[in-house]
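Participant: coordinates only, sequence not included:
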């Protein structure tokens, strides 16, 4: 493929601001892993060939008699260049500007906001984000891209840049479709002007690619004392799709490199599962769980999913229909023998075979996670830290696997007194007190708020474990997950707790006597607070606090109400129930208050209980004045 001078005046354009920043970071941060540029460019070339093969299903003329798809890598010691060429789909002028001048992916702003300036940490972040074409500038001070879109009458274009903020683009001449990327190496990158070195890198990073990656044959030249390139091309990789091979033939390193190819990730995957499924639907799945969450994990508009192949022909990236949404972090390949080659996203949504693939793949991933949890708890802890909140969504989205998903969940707990989420439901059930038939939990906006909730006091006194839930998804998850192993999940912050079951006969007798003694005081509080509360009552759930607020068992929790309001959604009005601790000294002080001060004390009890629950007061300034006034009186 020849590259010529542009046939028209070049147009100079500026990079998107994010591209400039990414280029600077890569050039200065990835110095320790320079060879990844070759992996990224060969991976892109492979994708371009896959896309051509897919478009040619409907437009066979795109192949133009050249159906032997391949990738070629050449180097020129004298010119100090490396060229990576493919005969794939190519790019039009508009596509070259869009693909090479901008980063059109979600999570970009969040990615840049998390950069620290620490080269080692930033390198890991860049790895999660993916680098693609821009990795060229790690080793090159100038990059030239000559490309021509497949199809009749398409004009070739030449894109060039030194990576310093601008690029030029112009019409050019090129025989045949595809893309040729020429890297003009920096002065200190001579190691890549060596055929043996390039072959080693290509074998390491590209052995899994189903297309042949070719270099010119080389033979030893006795006169020159060096390798001499021949006219003939030879493949340097196995050139068969990795997922089609037997598992016994694939090393862990090859599995890891294939993951990096499809996910554009620097790090090895955390785990993977590779299976051939036969029966009603026949398909092969190679699915990976990454080590780190992508930046767009919570972006609803981001396209996600696995690569879909049909009979080894690439069909689409991000086939989200093949996995449920709560497994959107999974990367990999699914190759179906049953789907039609012209399958579309619309067909995927309605196909019985796709439903079978989705259900089967979900079960495989859950089995993989169960194996990690049981046999590699440290690795599973890594997984839970990154993806636990997403997996919890499965409790409401996948009722058929709800019990398995619940078994994989991890929580903080009063048993450990640590913010680490390392307690499973099974752990909790195994530690339940004799006669206990419920799993108790509390929800809050943070671990600190949950662990200091006044609702925990009687449970700590009785030695009963409570799960501490502070993820935003927890309230939603609990609206679907009502029990585990036959044990009901019960919030300690809701009224109607069967606290009598925790009391012995003497305590029950004492509670009855106290309720009768405090009946006039409770009625007085109720009358004073009026419609600010639903009810006032004596409680046995408090030990150190004078009062707390709860809601009825069938009402939305205060934490969930606050989340709905913060999201701008309408939330029903739920009046709190004020529960008081009859043994607390502050309650005795309120009982003694004169009529003129009783309302002040009553409001103080309610407001401090609401603050302890995590609520915001409507009039905090008045609350502060009230506290100051009562302190001065004391």
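Facilitator: That came through fine. Quick caveat, the model's predicted, so the values are computed rather than measured.
Participant: so which helix or strand takes in the nearest residue to residue 63 once chain neighbours are set aside?
Facilitator: In this structure, residue 63 finds its nearest non-sequential neighbour in residue 56, 5.2 Å apart by CB to CB, 6 or more residues apart in numbering. The way it works is simple: take the backbone N, C-alpha and C, and place the C-beta from them, glycine included. Counting by DSSP states H and E, the secondary-structure element that holds residue 56 is helix 36-58.
Participant: what stretches of the stretch 101-250 of the chain score poorly on pLDDT?
Facilitator: Within the stretch 101-250 of the chain, the ranges that satisfy pLDDT under 70 run 102-131, 224-225.
Participant: which stretches of it form helices?
Facilitator: 108-113, 119-129, 195-206 (DSSP state H, counting those that start in this stretch).
Participant: picking that back up, what's the pLDDT at the residue nearest to residue 63?
Facilitator: The confidence metric pLDDT takes the value 90 at residue 56.
Participant: any idea how far it lies from residue 461?
Facilitator: Noted for residue 56: a distance of 73 Å to residue 461, by CB to CB, to the nearest Å.
Participant: those two: who's more crowded?
Facilitator: Taking other CB atoms under 10 Å, residue 56 and residue 461 do not tie; residue 56 has more neighbours (18 against 14).
Participant: rewinding a little: the helix holding residue 56: how far from the chain's middle?
Facilitator: Between the mean C-alpha point of helix 36-58 and the mean C-alpha point of its chain there is a distance of 25 Å (CA atoms, centre = their mean, to the nearest Å).
Participant: any buried residues in that helix, and which?
Facilitator: If you call a residue buried by 16 or more other CB atoms under 10 Å, then helix 36-58 has these buried ones: 36-56.
Participant: who does that helix touch, helix- and strand-wise?
Facilitator: The elements that helix 36-58 packs onto, with contact taken as 3 or more CB pairs under 8 Å, 6 or more residues apart in numbering; DSSP states H and E, are strand 71-76, strand 81-86, strand 178-185, helix 195-206, helix 252-263, strand 313-319.
Participant: run the angle between it and helix 252-263 for me.
Facilitator: Inter-element angle recorded for helix 36-58 and helix 252-263: 60 degrees (by axes from the mean of the first three to the mean of the last three CA atoms, to 10 degrees).
Participant: quick check: angle from helix 36-58 to strand 71-76?
Facilitator: Here helix 36-58 points in a direction 140 degrees away from that of strand 71-76 (the same axes, to 10 degrees).
Participant: sticking with residue 588, tell me its helix or strand.
Facilitator: helix 585-591.
Participant: show me what that helix is in contact with.
Facilitator: Taking CB atoms under 8 Å, 6 or more residues apart in numbering as the criterion, the residues outside helix 585-591 that touch it are 521, 546-547, 580-581, 598, 601-602, 605.
Participant: helices - which of the residues you listed land there?
Facilitator: Residues of these located in helices (DSSP state H): 521, 598, 601-602, 605.
Participant: now those as JSON lines including distance to residue 233, neighbour count and pLDDT?
Facilitator: Shown next, in JSON lines, are the ones in helices among the contacts of helix 585-591 (distance: CB to CB, whole Å; neighbours: other CB atoms under 10 Å; pLDDT from 0 to 100):
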{"residue": "521", "distance to residue 233": "94", "neighbour count": "17", "pLDDT": "92"}
{"residue": "598", "distance to residue 233": "95", "neighbour count": "16", "pLDDT": "92"}
{"residue": "601", "distance to residue 233": "90", "neighbour count": "22", "pLDDT": "92"}
{"residue": "602", "distance to residue 233": "89", "neighbour count": "23", "pLDDT": "91"}
{"residue": "605", "distance to residue 233": "85", "neighbour count": "23", "pLDDT": "92"}
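Participant: closest to residue 177 among the residues you listed?
Facilitator: For residue 177, the closest of those turns out to be residue 605, at 78.0 Å, with distances computed as CB to CB.
Participant: the closest one contacts residue 578, doesn't it?
Facilitator: Yes: using CB atoms under 8 Å as the test, residue 605 is close enough to residue 578 to be in contact (7.0 Å).
Participant: now do the shared contacts for these two.
Facilitator: Taking CB under 8 Å, 6+ apart as the contact criterion, the common neighbours of residue 605 and residue 578 are 525, 547.
Participant: mind checking the end-to-end distance for stretch 306-324?
Facilitator: With CA to CA, to the nearest Å as the measure, stretch 306-324 spans 11 Å from end to end.
Participant: quick check: buried residues in it?
Facilitator: Across stretch 306-324, burial judged by 16+ other CB under 10 Å covers 306-310, 314-316, 319-324.
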